[in-house]
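**Student:** sequence first, then the predicted structure:
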Amino acid sequence: MAEVVDARAAEEIVLSKYRNPMGMQAHSFRTHKQGFTWIVEFECGGLAAGRQKHRWHINAKNGNVIRKQ
């Protein structure tokens, strides 16, 4: 994978996993960089399914997801 140079690119990695129009959608992004790691916090779901908070750590050098919480 390519280097992740900005917050939008980190959010695109998350969105690529949630592109199902019939499934849950990722929204309400809060993204910041800490060293060589992008930390993307976001919510999934809606009113009917309930909202779930997620936090992904993405390696800025290669774009791999290091940890999902």
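**Tutor:** The structure has been received and is ready for your questions.
**Student:** how about residue 63, secondary structure?
**Tutor:** coil (DSSP: H, G, I helix; E, B strand; the rest coil).
**Student:** begin at 369 from now on, thanks
**Tutor:** Sure thing, new numbering starts at 369, so read that last one as residue 431.
**Student:** so how far is residue 418 from residue 431?
**Tutor:** Using CB to CB, to the nearest Å, we find residue 431 at a distance of 30 Å from residue 418. In short, each C-beta sits where N, CA and C put it, glycine included.
**Student:** report the buried residues of stretch 400-407.
**Tutor:** With burial defined by 16 or more other CB atoms under 10 Å, the residues of stretch 400-407 counted as buried are 405, 406, 407.
**Student:** in a markdown table, list those residues along with pLDDT.
**Tutor:** Output for the buried residues of stretch 400-407, formatted as a markdown table (pLDDT from 0 to 100):
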| residue | pLDDT |
| --- | --- |
| 405 | 96 |
| 406 | 96 |
| 407 | 97 |
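**Student:** any idea which of the residues you listed is closest to residue 387?
**Tutor:** Distance to residue 387, by CB to CB, is smallest for residue 406 among those, at 19.2 Å.
**Student:** quickly note the distance from the closest one to residue 419.
**Tutor:** In terms of CB to CB, residue 406 sits 22 Å off from residue 419.
**Student:** ok, back up a step: in CSV, list the buried residues of stretch 400-407 along with secondary structure and distance to residue 397.
**Tutor:** Formatted as CSV, the buried residues of stretch 400-407 follow (DSSP: H, G, I helix; E, B strand; the rest coil; distance: CB to CB, whole Å):
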residue, secondary structure, distance to residue 397
405, strand, 16
406, strand, 11
407, strand, 11
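**Student:** of residue 431 and residue 418, who's got more company?
**Tutor:** Ranked by neighbour count (other CB atoms under 10 Å), residue 431 and residue 418 place residue 431 first, with 16 against 8.
**Student:** phi and psi next, for the more buried one.
**Tutor:** When read as degrees, to the nearest 10, the backbone of residue 431 gives phi 80, psi 10.
**Student:** ok, which stretches of this protein are helices?
**Tutor:** Remark: helices assigned in the chain by DSSP state H are 375-385.
**Student:** pick out the residue closest to the middle of it.
**Tutor:** The residue lying closest to the centre of the chain (CA atoms, centre = their mean) is residue 382, at 3.4 Å.
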